[in-house]
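*Asks:* prediction below, plus the sequence it came from.
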Amino acid sequence: LAKTTQPISMDSYEGQEVNITCSHNNIATNDYITWYQQFPSQGPRFIIQGYKTKVTNEVASLFIPADRKSSTLSLPRVSLSDTAVYYCLGGDSNYQLIWGAGTKLIIKP
Amino acid sequence: NAGVTQTPKFQVLKTGQSMTLQCAQDMNHNSMYWYRQDPGMGLRLIYYSASEGTTDKGEVPNGYNVSRLNKREFSLRLESAAPSQTSVYFCASRTGTGGSYNSPLHFGNGTRLTVT
């Protein structure tokens, strides 16, 4: 199982690009990297998933280097509404995922 | 499209009381999950159902039972509530079965349970 490590908290400002890095040194060959976002009083929401290199969707990009021991979630031009907790998970089946405490991202005006 | 619906949203129980948390999804998903989340922590898996008719224990199953009533509904029962079960409970579903990982989890908005 891929145990992940990510910063406990980060601050940024509206309009900036935010990069949250996650380390997963023991990631297995079959493991994907998935990021979820959670607002207070809500369930987590899927943001993006990747296996290697770069994946981009309408809300974020995910960079995974060749050794796959880390990944970086990139949020372009953040707004106040991006204030949330972001979780990085590795694993090849959802019932084996390990959820850490996540990264609390605070966006300031 | 409602997604994953959980009821009730809030519940207060006395120690020793029982209750059932309800979860229903309208996305025709095969797999369903129950998690608990304690303050400032990530989610911990209680039970899951990889497909209709099957259930399996997760990381923290003690004190809980589940029923996969049909493809849409997956309930979580606390037979004799304890203060240690005070938490936020999330139900989730995904389209894949077994070990397939390409489909993301879809979560409900949780049930906030307090046991006094």
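*Replies:* Yep, it's here. Bear in mind the structure is a predicted one, so any value in this text is a computation, not a measurement. Numbers count the residues shown, from 1 in each chain, chains lettered A, B, ... in the order given.
*Asks:* in chain A, where is pLDDT below threshold?
*Replies:* Scanning chain A with the threshold set as pLDDT under 70 gives A:1-2, A:92-96.
*Asks:* ranges for the strands of it?
*Replies:* For chain A, the strands defined by DSSP state E cover A:9-13, A:18-23, A:32-38, A:45-50, A:53-56, A:61-64, A:70-75, A:84-91, A:103-108.
*Asks:* tell me which of the ones you listed lies nearest to chain B.
*Replies:* strand A:45-50 (3.6 Å; CB to the nearest CB). Heads up, the C-betas are built off the backbone N, CA and C, glycines and all.
*Asks:* in CSV: the strands of chain A, plus distance to chain B and mean neighbour count.
*Replies:* Formatted as CSV, the strands of chain A follow (distance: least, CB to the nearest CB, whole Å; neighbours: other CB atoms under 10 Å in any protein chain shown):
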stretch, distance to chain B, mean neighbour count
strand A:9-13, 11, 14
strand A:18-23, 13, 18
strand A:32-38, 5, 23
strand A:45-50, 4, 18
strand A:53-56, 12, 13
strand A:61-64, 13, 20
strand A:70-75, 15, 21
strand A:84-91, 6, 23
strand A:103-108, 9, 17
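*Asks:* B:Thr111: which of those strands is closest?
*Replies:* strand A:32-38 (15.6 Å; CB to CB).
*Asks:* packing partners of the closest one?
*Replies:* strand A:45-50, strand A:61-64, strand A:84-91 (3 or more CB pairs under 8 Å, 6 or more residues apart in numbering or on different chains; DSSP states H and E).
*Asks:* give me the sheet partners of the last one and which way each runs.
*Replies:* Meaning strand A:84-91. strand A:32-38 (antiparallel), strand A:103-108 (antiparallel) (DSSP bridges).
*Asks:* so which of those strands is nearest A:Glu14?
*Replies:* Distance to A:Glu14, taken as CB to CB, is lowest for strand A:103-108 among the strands paired with strand A:84-91, at 6.0 Å.
*Asks:* about what we covered before: how about the strands of chain A, which one is nearest B:Phe90?
*Replies:* Using CB to CB, the nearest of the strands of chain A to B:Phe90 is strand A:32-38, at 9.6 Å.
*Asks:* could you give the angle of that closest one to strand A:45-50?
*Replies:* With axes from the mean of the first three to the mean of the last three CA atoms, to 10 degrees defining the directions, strand A:32-38 sits at 160 degrees from strand A:45-50.
*Asks:* that'll do, ta.
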